[in-house]
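build me a structure from this.
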Amino acid sequence: MEVDLGNYLRHMRERIQPEDIGLVRRGSRRVPGLRREEVAALAGVSQPYYTRLEQSQVRHASSSVLLSIARALELSPDEQEYLLRIGTPEQARKVRAAPPDRLDARTRALLSSLGNTAGAVLDYRCDILAWNPLYHRLMAPHLDFGAPEDPATRPNVIKLNFLDENVRGLYDDWETESLHNVSYLRFIAAEHRDDPRFAELVGELTIGSREFVDLWTDQHVANCTDGVKVLNHPAVGCVELMYQTADLQGGHFLKLYFAEPDSPNDARLRLLTMDPGMDGAPSR
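Reported below is the predicted structural model:
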């Protein structure tokens, strides 16, 4: 699984044009974006040292140096955090235990109490550990409602979006959705680069989707935790939903999809809650 400081620095450098940050373009350029010497000067580090970082001759740097480079490359907060993670020596990082595959009773009770909100509990790999009936009917009614309970059939959000045509076809703007998925996966990879199951997920996506490979190689980084999605649902038509991700701690996250109360989108969600025939779970 490719999580490499030098490769990431090169990608970030090449995306910035000199005129974008107030530098005068002089003569022709044989490289895209900024030159290494320009980044080094902007960051206040020596050119030979920056070159060694980018060529992976030096695998780690101090936080102060990485932050200076992040400012020079105009990284977003998520990109800066990612840079610090991949540029920090392993012994300085906290080793996080893998989250349990089973949920406790309180989390299940929370999921069951969401009413007209579609909710699912994910681990950091985006495996779906549990979903409420509305989330199932909204996102994957073609799958068995009990699929998350069995590791052998447990759905993964990112695999569904890239490899399952039923889910892929839901999104009004699949290209943006796919970018968000890979940006999150790249962001979280820095924290879990030694997790073999995470590496297996990236490997399966790499084999199964050329589009995933292209996005993964581009090294977009973002922790996409909230926003708006437009779905073209086969049962209720076009529905625009807000989404939010809540950290449940211990490596679990609660993913919520909801609409403005009493709006047309909210009414479409209610239609899904009233259809008990779409899965094996009771309707509320």
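
what about Met242, helix or strand, and which?
Under the criterion of DSSP states H and E, Met242 resides in strand 237-249.

what strands line up against that strand, and which way round?
strand 226-233 (antiparallel), strand 252-258 (antiparallel) (DSSP bridges).

flag every buried residue along it.
Val239, Leu241, Thr245, Leu248 (16 or more other Cβ atoms under 10 Å). (Glycine included, C-beta is placed from N, CA and C.)

looking at the residues you listed, which is nearest His60?
Ranked by distance to His60 (Cβ to Cβ), the buried residues of strand 237-249 are led by Thr245 at 29.9 Å.

return the distance of the closest residue to the closest one other than its chain neighbours relative to Met242.
Of all residues not flanking Thr245 in the chain, Thr225 sits nearest, at 4.2 Å (Cβ to Cβ, 6 or more residues apart in numbering). Relative to Met242, Thr225 is positioned 12 Å away (criterion: Cβ to Cβ, to the nearest Å).

now do Pro48
49 Å.

next one: Arg270
Computed as Cβ to Cβ, the Arg270 to Met242 distance reads 16 Å.

distance check, the residue positioned nearest the centre of the chain against Ser178.
Geometric centre of the chain, nearest residue: Tyr184, 1.7 Å, by Cα atoms, centre = their mean. Distance, Tyr184 to Ser178, using Cβ to Cβ: 11 Å.

what does Asp144 give?
Distance, Asp144 to Ser178, by Cβ to Cβ: 25 Å.

repeat for Ala70
26 Å.

right, and Ser56 touches Leu5 too?
Yes: contact criterion Cβ atoms under 8 Å: Ser56 and Leu5 qualify, at 6.7 Å.

the more surrounded of these two?
Between Ser56 and Leu5, counted using other Cβ atoms under 10 Å, Leu5 has the larger neighbour count: 21 against 13.

what sits against that one?
Leu53, Ser56, Arg59, His60, Ala61, Leu83, Ile86, Gly87 (Cβ atoms under 8 Å, 6 or more residues apart in numbering).

so where is the protein shaky, pLDDT-wise?
1-2, 21-31, 90-104, 106, 110, 112-113, 275-284 (pLDDT under 70).

now the helix of greatest length in it and strand 226-233, what's the angle there?
In the chain, with assignment by DSSP state H, the single longest helix is helix 174-189. Orientation note: helix 174-189 sits at an angle of 140 degrees relative to strand 226-233 (axes from the mean of the first three to the mean of the last three Cα atoms, to 10 degrees).

by contact count, what packs against helix 174-189?
helix 77-86, helix 157-163, helix 196-208, helix 210-218 (3 or more Cβ pairs under 8 Å, 6 or more residues apart in numbering; DSSP states H and E).

what about His142, distance to Val230?
20 Å.

beyond the one helix or strand Pro48 maps to, next helix or strand please.
Using DSSP H and E, Pro48 maps to helix 47-54. For helix 47-54, the succeeding helix or strand toward the C-terminus, using DSSP H and E, is helix 63-72.

that next one - contacts with which helices or strands?
helix 36-43, helix 77-86.
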